[in-house]
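Visitor: Fold the following, please.
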Amino acid sequence: MQKSFIFPSVFEENYREYEKIAGTFPEAMKIVKFNGGDYIVGELALKEGNSPHKFINSSADDLDYKLLSSIGMLIATQGNYSKLIVTAGFPFTTYQPYKQGAFEFFKGIHEVSFDSRTIGGPGIETVKFSVPEVDVITEVNGCVKAIRNGTINEQDNFFVANLGYGTFELALSSPEGLVYRTTYSSKGLMYAVNIWENELQKNYYLNLLTEQQLERAFQRGKMIINRKNTDLAEMRAKALKSYYSEVISPAMRKKFTDEDFFRAQKIYLTGGGALYKELEESFREEFRDILEVIVFPEPYLAASKGYCQHSKELAKTKINSLENKDNFACVGLDIGNNNTVVTVETEF
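Guide: Numbering: from 1, shown residues only. Coordinates of the predicted model:
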C-alpha cells in the first residue's frame with residue numbers, strides 16, 4: 001500500500017516548550033538535539049515561527065537538507081518500519097555535484113529525537129532506523145518513472161515539464177530512456193514570485209516576509225496587508241504569463257526540434273507549478289496544434305512517487321529473500337524548495 005505525506009519545507013530554531021497543539025506528527029513537528037539545536041518544522045514553523053525559512057536548492061551538506069530529510073525518513077517509518085530503502089533526487093543543475101554527498105548522508109544508521117508533547121505524547125522520544133540501500137536520481141527521471149510505471153502507465157514517447165519552485169526542467173522521454181540532448185534546467189517559479197513581489201513593493205510594505213512566506217501568499221493569490229484582505233490574483237496571473245514567455249517558452253524552443261515534435265505528441269506537466277491554470281493554459285495555447293497537454297494527477301507528488309517506484313526496484317534486487325521484509329519500507333523522498341514530499345510503499 002502506497003501513502004504520500006507532505007509538509008512545508010521550512011524550519012526555525014526554537015526552544016519553547018509546547019503542549020498538545022495538533023493530532024498528527026506532520027502538523028506539529030519539533031525536532032530536538034539535531035546538530036546541537038532544537039527546531040520547529042513545517043506547519044508548526046509557519047504557525048509559531050518568526051522567520052521560517054529554507055535555502056534554495058540546498059545540498060546534503062546543508063542543515064536544512066539534513067533536517068528535512070531526517071524528518072521525511074522519520075515519517076516514513078510510520079512507527080513500524082526500521083529499515084528504509086530510500087531514493088532521493090536533484091535537478092539536473094545540481095545532480096552531479098550533490099549526488100555523492102546525498103548518498104553518503106542517507107546510507108547507514110539514523111537517530112531522530114522529537115518532542116511528542118505537541119501531539120499529546122509524554123515528552124522527548126528518539127526513533128532509530130537504518131537505510132541499508134539508497135540511490136539518487138534526477139527529478140525528471142523520478143517524474144518519468146511515475147508517469148510510466150504508475151497508474152497512468154504511459155507507453156509512448158512524451159515530453160515532461162517539471163515546474164518546481166527552485167527549478168524548471170524539460171526532457172523528452174522514450175520507452176528506452178531520456179533523450180539527453182533535450183534535457184534542460186532553468187529558473188523555477190521563484191522567477192514569477194520575484195516579479196510579483198517587485199510589483200507589490202511598489203504599493204505595499206511587505207513587513208520583511210521570508211521567501212517561503214511570500215511564496216505561500218503567491219499560492220493563495222491574496223494577502224492581508226495593512227489589515228485589509230487584498231486580492232492579488234490578477235497581479236499573479238501577469239507574473240505567471242511573464243514567466244512562461246520569458247523562461248519556459250524560450251527553453252522549449254531551444255531544446256526541442258521539429259523532429260522531436262514528430263516523435264512525441266504529449267507533454268506531461270508535473271511539479272507544484274502545474275497547479276496554476278495560467279501556466280497550463282499557456283502550454284495549451286502554444287502547443288494546441290501539435291501536443292496534448294496532460295497535468296499529472298496531484299502533480300506535486302510526481303517526483304516522490306517516481307522515487308518510491310525506484311526504491312521498489314532496488315528492493316527487489318537488493319533485499320535477500322531470507323530477510324524479514326516486514327521491517328522494510330520503500331521510500332521516495334522529494335526535498336522540495338516549497339514542500340517536502342514523502343511517498344512510502346510497504347508491499348513490494
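Visitor: tell me the SS of residue 183?
Guide: Secondary structure state of residue 183, per DSSP: H, G, I helix; E, B strand; the rest coil, is strand.
Visitor: Look up the pLDDT of it for me, please.
Guide: The model reports residue 183 with a pLDDT of 96.
Visitor: likewise residue 321?
Guide: Value listed for residue 321 in the pLDDT field: 63.
Visitor: what does residue 230 give?
Guide: Reported pLDDT for residue 230: 82.
Visitor: just checking, what packs against whichever strand or helix holds it?
Guide: Element membership for residue 230, per DSSP states H and E: strand 228-231. Counting by 3 or more C-beta pairs under 8 Å, 6 or more residues apart in numbering; DSSP states H and E, the packing neighbours recorded for strand 228-231 are strand 222-225. For the C-beta atoms, the positions are set from N, CA and C on the backbone; glycine is no exception.
Visitor: Of all the residues in the strand it packs on, which ones are buried?
Guide: 223, 225 (16 or more other C-beta atoms under 10 Å).
Visitor: Stretch 184-193 now?
Guide: 184, 185, 186, 187, 188, 189, 190, 191, 192, 193.
Visitor: mind checking how far that stretch is from the chain centre?
Guide: Computed by C-alpha atoms, centre = their mean, to the nearest Å, the chain-centroid distance of stretch 184-193 equals 14 Å.
Visitor: go on, stretch 201-208?
Guide: With C-alpha atoms, centre = their mean, you get 28 Å for stretch 201-208.
Visitor: Could you identify the helix or strand that succeeds the helix or strand harbouring residue 241?
Guide: Assessed by DSSP H and E, residue 241 sits inside helix 233-243. Counting by DSSP H and E, the next helix or strand C-terminal to helix 233-243 is helix 249-255.
Visitor: Any idea how far that following helix is from the middle of the chain?
Guide: For helix 249-255, the distance to the chain centre is 24 Å (C-alpha atoms, centre = their mean).
Visitor: Give me the distance from the biggest strand by length in the chain to the chain's centre.
Guide: In the chain, taking DSSP state E as the definition, the longest strand is strand 124-138. Remark: strand 124-138 is offset 18 Å from the chain centroid, using C-alpha atoms, centre = their mean.
Visitor: Show me what the helix holding residue 241 is packed against.
Guide: By 3+ C-beta pairs under 8 Å, 6+ apart, helix 233-243 packs against helix 190-200, helix 277-287.
Visitor: in stretch 157-174, what counts as buried?
Guide: 157-173.
Visitor: Report how many residues lie close to residue 36.
Guide: 5 (other C-beta atoms under 10 Å).
Visitor: what does the model give it for pLDDT?
Guide: 93.
Visitor: What of residue 151?
Guide: Listed pLDDT for residue 151 reads 91.
Visitor: Could you do residue 145 as well?
Guide: The predicted local confidence for residue 145 is 98.
Visitor: Likewise for residue 212?
Guide: In this model, residue 212 carries a pLDDT of 78.
Visitor: And residue 208, by the same measure?
Guide: So residue 208 comes in at 66 (pLDDT).
Visitor: still on that earlier bit, and which of the buried residues of stretch 184-193 is nearest residue 233?
Guide: For the buried residues of stretch 184-193, the minimum distance to residue 233 (C-beta to C-beta) is 13.0 Å, reached by residue 192.
Visitor: Apart from its neighbours in sequence, what residue is nearest that closest one?
Guide: Of all residues not flanking residue 192 in the chain, residue 243 sits nearest, at 3.8 Å (C-beta to C-beta, 6 or more residues apart in numbering).
Visitor: Tell me how many other residues crowd residue 317.
Guide: Using other C-beta under 10 Å, residue 317 has 7 neighbouring residues.
Visitor: Doesn't it lie inside a helix?
Guide: Yes - counting by three-state DSSP, residue 317 is part of a helix.
Visitor: residue boundaries of the helices in the chain?
Guide: 43-48, 63-77, 92-106, 139-149, 190-200, 211-220, 233-243, 249-255, 258-263, 277-287, 302-318 (DSSP state H).
Visitor: where among those is the average confidence lowest?
Guide: helix 211-220 (a mean of 85).
Visitor: Who are the packing partners of that one?
Guide: Checked by 3+ C-beta pairs under 8 Å, 6+ apart, helix 211-220 has helix 43-48, helix 190-200 packed alongside it.
Visitor: Check which residues of that helix are buried.
Guide: 211, 212, 213, 214, 215, 216, 217, 218.
Visitor: Residue 156: what's it in contact with?
Guide: 175, 264, 265, 266 (C-beta atoms under 8 Å, 6 or more residues apart in numbering).
Visitor: can you list contacts of the longest strand of the chain?
Guide: 32, 73-74, 77, 81-92, 95, 98-99, 102-103, 106-116, 169, 307, 310-311, 314-315, 318-319.
Visitor: cool, and stretch 259-270?
Guide: 143, 146-147, 154, 156-163, 172, 174, 179, 182, 279-280, 283, 287, 290-296, 299, 302-303.
Visitor: What's the end-to-end length of it?
Guide: Stretch 259-270 has an end-to-end distance of 23 Å (C-alpha to C-alpha, to the nearest Å).
Visitor: same question, stretch 316-328
Guide: Stretch 316-328 end-to-end distance (C-alpha to C-alpha) = 12 Å.
Visitor: So which bits of it are buried?
Guide: 319, 328.
Visitor: starting at the chain centroid, how far to that stretch?
Guide: Worked out by C-alpha atoms, centre = their mean, stretch 316-328 lies 28 Å from the chain centre.
Visitor: For residue 88, give me its contacts.
Guide: Taking C-beta under 8 Å, 6+ apart as the test, what residue 88 contacts is 69, 102, 106, 134, 136, 307, 332, 333, 334, 335.
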